[in-house]
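Colleague: curious how this folds, go ahead:
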Amino acid sequence: MKRRSFIGIAAAAAVAATATFGASVPAFAESKEIVYLTPGLDLPFWRYLSKGVEKVAKDKGYGFQALDSHNSAQEQLKNAQDSIARGVAGIVISPTDSSTAPSVLQLAKAANIPVVIADIGTNSGDYVSFISSDNYEGASGVGKALAEILTEKGWKDGTVGIVSISQARKNGQARTKGFRDAMVAGGVPGDAGLQQMQSYTADETFKFSQDMLTANPNMRGMFIQTDQPAIGALRAIKAARRTGEVAVAAFDGIPEFVPLLKSGELVVSGMQQPYLMGVRSAEAMFTHLEGGTPEKAVTVPILVVTSKNIDELLPTVKETVFANEVQ
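Modeller: Numbers count the residues shown, from 1 in each chain. Have a look, this model is predicted:
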């Protein structure tokens with residue numbers, strides 16, 4: 001409660017300051033800089049999304065800056081305040097979680113600066129457009145693929161563990177529900193529990209996975225809800241000498257996933273298309289800045305990439321997921 005109170009007080013103070021200096025608001029519209037507020041550039045997903053926003057901004061002759069919130073609501077608010085003080089033309093934000101977005105939206109509205117939300121979502125507030133993936137359907141596709149693998153291997157009676165992104169994020173809630181619904185529908189109801197990421201690192205997920213493997217000797221599947229942390233789960237399985245005994249499903253995509261999918265060490269990943277999401281976010285922003293009305297909600301498809309279809313989907317993955325970083 002103290003953390004939320006601090007954020008609320010800071011937001012209110014900033015709004016009051018903006019109102020006091022309201023005469024400076026028209027200058028904001030003359031700025032030619034787009035800022036992207038991101039939870040953490042240490043995760044490839046956010047770097048790829050950032051590149052998509054940057055590409056469109058620079059093509060339009062605008063400056064661009066990505067500001068890392070380090071998964072901190074306070075840092076996110078400070079980045080927003082600094083951007084507003086500079087008079088940026090627009091803000092694209094991927095919030096640290098859905099409950100922290102309204103404070104930023106309130107500040108931007110008071111300063112007459114448009115905001116586009118890219119992924120995660122918000123609990124409330126005004127914004128130009130929301131660019132997202134259908135996390136429920138994407139995770140459902142992952143669950144379906146994993147259930148099929150477990151059925152083929154005769155492992156349907158085993159349990160499945162989840163290492164999730166924050167369940168305070170709307171997309172996190174959708175991923176968990178979509179996956180669990182698909183597992184039940186696939187006849188794999190065994191639950192080895194859920195651990196929520198906080199630092200979003202492979203080391204953190206390694207520890208979570210170790211705990212799950214120890215507590216659930218009959219665990220046959222894992223779902224890791226984002227990219228790099230999945231590597232930690234694979235390390236934990238090797239350390240426990242259970243390679244080939246636990247099928248791992250992931251979400252999002254990094255270049256390291258390509259050989260893992262081809263070898264079957266990773267059986268499926270629901271890959272959002274972050275670079276394309278960044279492009280769509282910036283396009284919505286410039287439609288607004290140029291006097292148009294962008295769609296309020298844009299859904300970018302999720303690619304359910306498996307060991308069986310990786311070769312077919314790889315050209316698309318390289319372009320829209322990896323931001324052309326992989327040849």
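Colleague: ok, Q210 - contacts?
Modeller: Going by CB atoms under 8 Å, 6 or more residues apart in numbering, Q210 touches A236, A239, A240. C-beta here means a position set from N, CA and C on the backbone, and glycine is covered the same way.
Colleague: how about the second one: what's its closest non-neighbour residue?
Modeller: By that I understand A239. Leaving out its chain neighbours, the residue that sits closest to A239 by CB to CB, 6 or more residues apart in numbering is Q210, at 7.1 Å.
Colleague: circling back: quick one: which of the contacts of Q210 is nearest A323?
Modeller: Set against A323, the nearest of the contacts of Q210 by CB to CB is A236 (28.7 Å).
Colleague: ok, now how distant is the closest one from L213?
Modeller: 6 Å (CB to CB, to the nearest Å).
Colleague: quick one: which of those two has more around it?
Modeller: A236 (25 against 21; other CB atoms under 10 Å).
Colleague: just confirm that one is within a strand.
Modeller: No - counting by DSSP: H, G, I helix; E, B strand; the rest coil, one finds A236 to be helix, located in no strand.
Colleague: which helix or strand contains the nearest residue to it once chain neighbours are set aside?
Modeller: Sequence neighbours aside, S209 is the residue nearest to A236 in space, at 3.5 Å (criterion: CB to CB, 6+ apart). Here S209 sits within helix 202-215, counting by DSSP states H and E.
Colleague: the helix or strand following that helix packs against which elements?
Modeller: Later in the chain than helix 202-215, the nearest helix or strand by DSSP H and E is strand 219-224. With contacts taken as 3 or more CB pairs under 8 Å, 6 or more residues apart in numbering; DSSP states H and E, strand 219-224 sits against helix 135-152, strand 159-164, helix 202-215, helix 229-239, strand 247-251.
Colleague: how is the chain carved up into domains?
Modeller: Split into domains by automatic domain parsing, the chain comes to 2-133+274-300, 135-271.
Colleague: ok, which of those comes nearest K308?
Modeller: Smallest distance to K308 across the domains of the chain (CB to CB): 8.9 Å, for domain 135-271.
Colleague: first-to-last residue distance for the closest one?
Modeller: 10 Å (CA to CA, to the nearest Å).
Colleague: about what we covered before: highest average neighbour count across the helices and strands packed on strand 219-224?
Modeller: strand 247-251 (a mean of 27; mean count of other CB atoms under 10 Å).
Colleague: quick one: mean pLDDT for that one?
Modeller: For strand 247-251, mean pLDDT rounds to 98.
Colleague: dump that strand to PDB, restricted to CA.
Modeller: The C-alpha trace of strand 247-251 is given here as PDB (Å, rounded to 0.1, in the frame of the first residue of the first chain):
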ATOM      1  CA  ALA A 247       8.800 -31.300 -22.000                       C
ATOM      2  CA  VAL A 248       9.400 -27.600 -22.000                       C
ATOM      3  CA  ALA A 249       7.100 -25.000 -23.600                       C
ATOM      4  CA  ALA A 250       7.900 -21.300 -23.800                       C
ATOM      5  CA  PHE A 251       6.500 -18.000 -24.900                       C
END
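Colleague: could you say what helices and strands it packs with?
Modeller: Against strand 247-251 (3+ CB pairs under 8 Å, 6+ apart) you get helix 135-152, strand 219-224, helix 229-239, strand 268-271.
Colleague: ok, what's across the strand from the nearest residue to L313 once chain neighbours are set aside?
Modeller: Using CB to CB, 6+ apart and skipping the chain neighbours, the partner closest in space to L313 is V305 (5.4 Å). When bridges are called by DSSP bridges, V305 pairs up with S269.
Colleague: V305 contacts M271, doesn't it?
Modeller: Yes - when contacts are counted by CB atoms under 8 Å, V305 is listed as touching M271 (5.3 Å).
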